[in-house]
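A.B. asks: the sequence isn't on hand, but the structure is:
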């Protein structure tokens, strides 16, 4: 990997791209913010990750931008993307979740067709349950973890605790929709950022807190 979060941040944060992805079709437009997506797209081309874990597939926009970035630099890779037909904080009729599944399945099929060199494995289930099992059974060493599912403290922490020990040297994790300054967000993800910054995690990880777009919290593993 050739990416340094601290040194490269001032360059990537200004990146803006037309990603030419599909329009959101579901009743809730929870799609990735274009500005955040552009910064991620630029960073991924520098990171050159081979193994990516994404939680919160939703309509597949995050999967698309990751695959597109790898494609543009001529890199193959594997994306494990996790989601399920529901949300712990959102109550909807079953038919609405079924519609989301149909949209997601169609979009992931389109991503696979457009970027056939990228292996995309969709895993259905609550990330708090399936992530520990996935990491344990496959013993995955990941280069990029994109956390975009649950944005409340216990959900974010459960996912991070499941994956952090499997990070590769210099790995990067991006937590979407949370930041230290986003204290007004009802799902309290900012608490995770605050605890991270004030814990022993910073002995092993550098971090960047950004208020761009939806707000994000980025961390990168320090080279031992």
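C.D. replies: Okay, I see it. The shown structure was predicted, so the numbers you read here are calculated from the model rather than taken from an experiment.
A.B. asks: which regions of this protein lie under the pLDDT threshold?
C.D. replies: Within the chain, the ranges that satisfy pLDDT under 70 run 1, 26-27, 29-31, 86, 88-89, 92, 182-187, 224.
A.B. asks: which residues sit in contact with the residue nearest the centre of the chain?
C.D. replies: A centroid search over the chain (C-alpha atoms, centre = their mean) returns residue 146, at 1.9 Å, as the residue closest to the centre. Counting by C-beta atoms under 8 Å, 6 or more residues apart in numbering, residue 146 touches 40, 52-55, 62, 66, 173-174, 176. From N, CA and C alone the C-beta is placed, and that goes for glycine too.
A.B. asks: and it, how close does it get to residue 52?
C.D. replies: Counting by C-beta to C-beta, to the nearest Å, the gap from residue 146 to residue 52 is 7 Å.
A.B. asks: kindly report the same for residue 119.
C.D. replies: Distance of residue 119 to residue 52, given as C-beta to C-beta: 10 Å.
A.B. asks: who touches both of these two?
C.D. replies: Common contacts of residue 119 and residue 52 (C-beta under 8 Å, 6+ apart): 77-79.
A.B. asks: mind picking the one among the residues you listed that's closest to residue 87?
C.D. replies: Using C-beta to C-beta, residue 79 comes nearest to residue 87 of the shared contacts of residue 119 and residue 52, at 21.4 Å.
A.B. asks: what about the closest one, distance to residue 217?
C.D. replies: Taken as C-beta to C-beta, the span from residue 79 to residue 217 is 21 Å.
A.B. asks: and the contacts of stretch 206-220?
C.D. replies: Contacts of stretch 206-220 (C-beta under 8 Å, 6+ apart): 3-6, 9, 13, 32-36, 39, 170-182, 185, 192-193, 196-197, 201, 205, 222.
A.B. asks: end to end, how far does that stretch reach?
C.D. replies: Taking C-alpha to C-alpha, to the nearest Å, stretch 206-220 runs 5 Å from one end to the other.
A.B. asks: buried set for it?
C.D. replies: By neighbour count on 16 or more other C-beta atoms under 10 Å, the buried set for stretch 206-220 is 207-210, 213-220.
A.B. asks: which helices and strands sit right next to the longest helix seen in the chain?
C.D. replies: Scanning the chain for the helix with the most residues, using DSSP state H, yields helix 94-114. Where contact means 3 or more C-beta pairs under 8 Å, 6 or more residues apart in numbering; DSSP states H and E, helix 94-114 is packed against helix 61-72, strand 118-124.
A.B. asks: alright, I will stop here.
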